[in-house]
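Asks: Predicted coordinates and the sequence they were generated for:
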Amino acid sequence: MVLIMRDMKRIYLDHAASMPVDPRVLQFAQPYLSEVGNPSSLYEFGQHAKQIIEDSRRKIAEFINAESEKTIIFTGSATESNNIAIRGTALRNKNDGTEILASAIEHISVLNPMKDLQKNGWVFRTIPVDSYGIVDLHQLSALLSKNTIVTSINYGNNEIGTIEPIKKISEIVHDKGKYLHVDGKAAAGRIPIDVQAEGIDLLTLSSNDLYGPKGAGVLYIKPGVKVQSIMPGGGQERGLRSGTENIFAIAGMGEACVIAKKEMKSESNRLQNIRDKLISEIKVIEETYLTGHPVNRLPHHASFRISHIEGESILLSMDMYNIQVATGSACSSKTLEPSHVLLAIGLKHEEAHGSMVMTLGRSNTISQVPEIVKAVKETVVRLRNLSPLK
Ligand code: PMP
């Protein structure tokens with residue numbers, strides 16, 4: 001029988017879904033929840049708000065080694081940044097070509113805008129990945145043409161943790177096509193991203209994935225890249241993202257980037273140790289397999305497929321131990337379809353249903369590993385005993 005131990009301390013392992021706001025970020029940004037004017041207003045009170053935004057822009061530009069702070073556009077989320085990157089470049093450059101590409105394991109906030117453009121005449125193709133989720137570079141090259149306006153690739157995959165060879169991808173994309181958009185939501189803050197050294201034209205970032213407040217995202221746009229507004233309005237953010245700015249979240253995101261830049265190396269090393277211990281102890285459970293790349297993977301990311309049981313049942317069972325994990329299957333789209341990411345790496349439908357994803361963060365310690373592993377083992381035994389799938 002499972003013990004329901006709610007008084008036991010929570011072990012939160014779903015940092016890809018939501019991260020707590022760092023108390024230092026909160027302390028820095030909290031005054032801006034109530035004390036600022038509209039940055040578009042010319043009086044001093046408004047201009048103070050504008051200054052807060054510009055300070056944050058500078059911090060974020062430094063975080064990704066952007067050419068200047070002018071390359072940083074604030075949005076409301078990674079979804080919005082992805083939409084502006086894809087629709088904005090496709091629409092603005094349609095006289096140069098109407099082909100668009102994305103890897104088969106992109107997030108739906110990349111794939112859906114591309115599918116939408118496809119309905120309106122653009123030619124949308126997906127680039128296959130290997131069984132670890134690495135983009136097939138030969139296929140990428142074969143699919144590219146001078147008519148390919150934007151190619152979108154995840155820096156690190158949120159579901160299987162695989163890190164893509166972005167510099168190589170950039171060289172291939174620029175050999176034939178026009179722009180490389182990189183969704184950096186899952187990778188930023190875990191591994192360094194240098195937009196200039198890696199040849200990135202457009203980069204998506206999200207505040208909450210850096211322990212900043214929800215409600216702010218960024219789109220980096222390299223100087224010279226042509227993007228058009230997809231939401232006309234008051235003309236904020238160089239006309240690319242109209243709407244009154246969320247000063248609190250923007251200020252918090254800038255500060256979160258300063259902290260991430262300072263602490264990323266040591267924190268990622270610490271998380272990688274915990275991750276490696278988790279992987280080595282969980283993958284020896286019978287018919288349990290690591291998904292994603294064993295080496296080129298995000299340091300905080302451990303993902304598995306467990307035969308004969310359902311990801312949702314795993315998630316709910318682990319929650320009874322007060323351990324929160326995610327499952328790659330079904331839930332994001334609220335359908336019973338298995339995850340497109342797991343299918344793209346070659347899993348069968350029934351295999352893709354048994355997915356468990358753990359994403360570590362600042363609250364996790366190596367001393368939690370035995371408790372986590374024990375909960376997984378007990379979960380697997382109990383669910384397999386109940387399972388009609390075995
Ligand atoms: N990109 C990636 C890689 C994601 O994992 C997600 C959400 N999990 C998004 C984009 C969309 O982020 P948001 O819902 O914050 O807009």
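Replies: Cool, got the structure. These numbers come from a predicted model, not from an experiment.
Asks: What distance do you get for the nearest residue to Gly199 once chain neighbours are set aside to Leu202?
Replies: Nearest residue to Gly199 in three dimensions, chain neighbours excluded: Ser170, at 3.3 Å (C-beta to C-beta, 6 or more residues apart in numbering). The C-beta positions use only the backbone N, C-alpha and C, and glycine is treated the same way. The gap separating Ser170 from Leu202 is 11 Å, by C-beta to C-beta, to the nearest Å.
Asks: Which of those two has more residues huddled nearby?
Replies: A count of neighbours by other C-beta atoms under 10 Å puts Leu202 above the other of Ser170 and Leu202, at 27 against 20.
Asks: Beta-bridge partners for that one, please?
Replies: Residues in a beta bridge with Leu202, per DSSP bridges, are His181, Ile221.
Asks: Thought Pro223 was touching it, still the case?
Replies: No - if you go by C-beta atoms under 8 Å, Leu202 and Pro223 don't touch, sitting 11.8 Å apart.
Asks: Find residues that contact each of Ser170 and Leu202.
Replies: Taking C-beta atoms under 8 Å, 6 or more residues apart in numbering as the contact rule, Ser170 and Leu202 both touch Leu180.
Asks: re earlier: how close does the residue nearest to Gly199 get to Leu180?
Replies: Applying C-beta to C-beta to Ser170 and Leu180 gives a distance of 5 Å.
Asks: who touches both of those two?
Replies: Gly199, Ile200.
Asks: Could you list the low-pLDDT ranges of the stretch 201-350 of the chain?
Replies: Along the stretch 201-350 of the chain, the model assigns pLDDT under 70 to residues 329-336.
Asks: so where do the helices sit in it?
Replies: 247-282, 311-320, 340-344, 349-352 (DSSP state H, counting those that start in this stretch).
Asks: Next secondary structure after the last one?
Replies: This means helix 349-352. strand 355-359 (DSSP states H and E).
Asks: packing partners for the next helix-or-strand element following that following strand?
Replies: Downstream of strand 355-359, the next assigned helix or strand under DSSP H and E is helix 369-386. Secondary-structure packing of helix 369-386 (3 or more C-beta pairs under 8 Å, 6 or more residues apart in numbering; DSSP states H and E): helix 247-282, helix 311-320, strand 323-324.
Asks: mind checking which of the ones you listed is nearest Ile153?
Replies: Closest approach to Ile153 among these (C-beta to C-beta): helix 247-282, 21.1 Å.
Asks: what separates the closest one from the chain centre, distance-wise?
Replies: Centroid separation for helix 247-282 versus its chain: 13 Å, with C-alpha atoms, centre = their mean, to the nearest Å.
Asks: Do it and the ligand come into contact?
Replies: No - using C-beta under 6 Å from any ligand atom, we find that helix 247-282 stays clear of the ligand, coming within 11.7 Å at best.
Asks: Which secondary structure elements does that helix sit against?
Replies: Going by 3+ C-beta pairs under 8 Å, 6+ apart, helix 247-282 lies up against helix 23-29, helix 31-34, helix 44-63, strand 301-306, helix 369-386.
Asks: relative to strand 355-359, how tilted is it?
Replies: On the basis of axes from the mean of the first three to the mean of the last three C-alpha atoms, to 10 degrees, helix 247-282 is oriented at 120 degrees to strand 355-359.
Asks: Same question for helix 247-282: list its buried residues.
Replies: Within helix 247-282, the residues that count as buried by 16 or more other C-beta atoms under 10 Å are 247-261, 264, 267-268, 270-272, 274-275, 277-279, 281-282.
Asks: now the angle from it to helix 369-386?
Replies: Orientation of helix 247-282 against helix 369-386 (the same axes, to 10 degrees) gives an angle of 70 degrees.
Asks: Now do helix 247-282 and helix 44-63, the angle between them.
Replies: Using the same axes, to 10 degrees: helix 247-282 against helix 44-63 is 30 degrees.
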